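Enquirer: take this sequence and fold it.
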Amino acid sequence: THWKHGGIVGVFGYGGGVIGRYCDQPQMFPGVAHFHTVRVAQPTGMYYTSDFLRQLCDLWDMRGSGLTNMRGATGDIVLLGTTTPQLEEIFFELTHNMNNDLGGSGSNLRTPAAVWASPVVNGPVHAQDCAPAALDIGRLTSASLQVKFKFDGCPNGCVASIARSDMSFIGTWRDDIRIDQEAVAAYIGGEIQPNGGAHAGKDWGAFDIQKEVIDLCPTECMWLEDGKLKINDRECTRCMHCLNVMPRALRIGNDRGLSILVGAKAPILTVPRWAPCSCLHKVQDPYDEIKEISKPLGWWMESRP
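Expert: You can find the predicted model right below:
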């Protein structure tokens, strides 16, 4: 069977969100004359309830082929195979009865992605709160090119914002990492399991802070002195390894904000390209700092070759 890209199938009043797929020989394969792909926007951190997944599967069994791709490269749930008359029905069910949204497939708005980034643990910013500020601009602005935004609540980069977006938003901090020396001693003494107990399924031996934390620091800015952990914070590159291994002993600083990287890409055929960085911004509701992105977008659309 031959396929051709049928262009974006628009939902009236909404725009992109459905990828049109048409069979080149519908007379030979009438069952798949239309086989559109529907992208469903993922929730923050990609945490789904079982009730929602059951609703989604029931909807797709009724309105589509029943075939799914659970989380494609965009992060969306991808629903494979439906016909044009079903699109409005699917859109209404998702948005009105399931309180969900279509993902993006157009040149204007693609899928925004944000992590959970709980500030109680080690998240400098609420990524799930910041993302709608950019989403509002993308939804309402008519763009002549595709622009992707992704939000990482911390430098762990769970949505790979640098590699997979044009504007990368990363939560960070600029003061010192907070150290609980009693908790450090508890990790060394084996009273607290490293990595939140994630590696407790096997006997890896006693925790060795020198080998598992200090020696793995990319800038060698950590050391033990009289049994206490020391950090030269001016050399810290926010790799997050030490905080991930010892979350009860180390906490990010209190002077928190957002770094915005513009123009970064990691193409497959060439090396990753450096992105100009706009240093730490203190962001809070109504997130006017993020909404300023409409200005460089306007300049780019007017000035690009």
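
Enquirer: residue 58 should be in a helix, yeah?
Expert: Yes: the assignment for residue 58 by DSSP: H, G, I helix; E, B strand; the rest coil puts it in a helix.

Enquirer: measure it to residue 198 for me?
Expert: Applying C-beta to C-beta, to the nearest Å, the value for residue 58 to residue 198 is 34 Å. Bear in mind the C-beta positions are built from the backbone N, C-alpha and C, glycine included.

Enquirer: in contact with residue 33, which residues?
Expert: Going by C-beta atoms under 8 Å, 6 or more residues apart in numbering, residue 33 touches 22-23, 26, 83.

Enquirer: what separates it from residue 79, distance-wise?
Expert: Taken as C-beta to C-beta, the span from residue 33 to residue 79 is 18 Å.

Enquirer: format the contacts of residue 33 as a markdown table; extra columns: neighbour count, secondary structure and pLDDT.
Expert: Output for the contacts of residue 33, formatted as a markdown table (neighbours: other C-beta atoms under 10 Å; DSSP: H, G, I helix; E, B strand; the rest coil; pLDDT from 0 to 100):
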| residue | neighbour count | secondary structure | pLDDT |
| --- | --- | --- | --- |
| 22 | 18 | strand | 81 |
| 23 | 19 | strand | 82 |
| 26 | 13 | coil | 84 |
| 83 | 15 | coil | 89 |
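
Enquirer: turn the residues you listed into TSV, including distance to residue 213.
Expert: TSV is the format used below for these (distance: C-beta to C-beta, whole Å):
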residue	distance to residue 213
22	55
23	56
26	61
83	56
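
Enquirer: which stretches of the stretch 101-250 of the chain have low pLDDT?
Expert: For the stretch 101-250 of the chain, the stretches with pLDDT under 70 are 104-147.

Enquirer: please redo it, this time with the cut-off set to 80
Expert: 101-151, 158-167, 200-202 (pLDDT under 80).

Enquirer: quick one: the strands in it?
Expert: Here the stretch 101-250 of the chain has its strands, by DSSP state E, counting those that start in this stretch, at 113-114, 149-152, 167-173, 178-179, 222-225, 228-231, 250-251.
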